[in-house]
Each structure stands twice: as C-alpha cells, then as structure tokens.
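Peer 1: give me a model of this one.
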Amino acid sequence: MEQRIGSSSKPLEGAGFDPAFVPGLTSPVSGETEDTEPADAVEATGTHEPTVTAEASKETEETEETAGEETPDGPVFEAADRRAKIVADHRGVRLSLDDQACEFRWDEIGAVETESPRFGKRFTITVHTPDRRWYPIEIEATSRARFAEWDEQLDAVMDKYFEDETPQAQEPEESD
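Peer 2: Numbers count the residues shown, from 1 in each chain. The predicted structure is shown next:
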C-alpha cells in the first residue's frame, strides 16, 4: 500500500498571508529581483554596468507624465504621518502605508468616508469602490484641531472632482 509523505492540506491563500492578493495594493512582481543582473550581460562586456532600479524608473516615469500635463488650479488634499499618506487631487486618490501604495481614479471610487474618533488622534479615511471593497487608512494628527481642517480640505476636493452618478432632481422655484 502506498502512502504519501508530507501534508495533504493546501497552503492558505488570502490577503492575510499575501498582500498581493488584494488588487491594486501592490505592483505586479517581475521574475527577476532588482539586485540581479543577467549573467550574459556581464560575460559579454566583462564589466558590471549599473542598472536602473525599479524606484528610479518609477520616479522618471512620474516626472515624464507630469511634465507634459498641466497641473490644474483645483484643490488638493494631503495628509501624512510617519507611516501613512493620502493625497486627493485631480487625478484621484492615492493611499500609501509604509512601502505599500494604491491609486484610485475618480471613476473607480464609489464613496470616500471620513471618521474622527471620540478620543485619540487617529483620523480614518476609507475609500469605497463600486465592487463592494473598501480601503481604510489611518493618519495620526498632531492635534485634534486638524480633523476639522482635513474634513474641509477633503470636502473641497470631493466637491470639485467627485461626480455622483445619480443626478438630483431639481425642484422648481416657487413664484408669487
């Protein structure tokens, strides 16, 4: 009789074990790491030429994109602490926490929700998408007075760029 050696259970999958499981949270992973260089390139030249890292190429792409595009005069909301950052402007909403980042265009956003705690200094902003996913981020404020300021700035950005898909019925004006 044959017996298998090892476990018969499958490895666990999900966002708790792999951050790449959540779409938009991380960038696609290439087969090579940043530090490795193809062996045939070293053999052909005989020298070790410097390679461009992923971060440097991303920075150059961003500067090339923004160089050709005019920056609008509309409102911009930015809030950051030592770990987290949120930026909302004409392009959409960008969230980053430590080394993870995600970006949402305005047409990908269903709602943006803010929450200020009764006690403490952690301001929570949650981006909801139409497919029933939500992405919360907590920003630690220097003082509780910043909560009202951040709410006003975010409301100004939302009023300018976020368009609600359901048009509100305008009531006819009453005349005397």
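
Peer 1: hey, let's count contacts and neighbours off CA atoms from now on
Peer 2: Noted.

Peer 1: what about the closest residue to E103 other than its chain neighbours, neighbour count?
Peer 2: Nearest residue to E103 in three dimensions, chain neighbours excluded: R94, at 4.3 Å (CA to CA, 6 or more residues apart in numbering). The local packing of R94 (other CA atoms under 10 Å) involves 17 other residues.

Peer 1: which parts of stretch 97-115 are buried?
Peer 2: Neighbour counts over stretch 97-115 (16 or more other CA atoms under 10 Å) mark 97, 101-104, 106, 109-110, 112, 114 as buried.

Peer 1: could you identify the most distant pair in these?
Peer 2: The span of those, defined through CA to CA, is set by L97 and G110 at 21.3 Å.

Peer 1: distance to Q153 and secondary structure added to the buried residues of stretch 97-115, as TSV?
Peer 2: Formatted as TSV, the buried residues of stretch 97-115 follow (distance: CA to CA, whole Å; DSSP: H, G, I helix; E, B strand; the rest coil):
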residue	distance to Q153	secondary structure
L97	21	strand
A101	22	strand
C102	21	strand
E103	19	strand
F104	18	strand
W106	17	helix
I109	18	coil
G110	19	coil
V112	13	strand
T114	12	strand
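
Peer 1: checking my notes, D151 in a strand, right?
Peer 2: No - using DSSP: H, G, I helix; E, B strand; the rest coil, the assignment for D151 is helix, not a strand.

Peer 1: could I get the contacting residues of it?
Peer 2: T114 (CA atoms under 8 Å, 6 or more residues apart in numbering).

Peer 1: that one and P130, how far apart?
Peer 2: The gap separating D151 from P130 is 23 Å, by CA to CA, to the nearest Å.

Peer 1: just D73 next, same as before
Peer 2: Distance, D73 to P130, using CA to CA: 28 Å.

Peer 1: what do you get for V157?
Peer 2: 20 Å.

Peer 1: of those two, who's got more company?
Peer 2: A direct count of neighbours by other CA under 10 Å for V157 and P130 places V157 higher, at 18 against 11.
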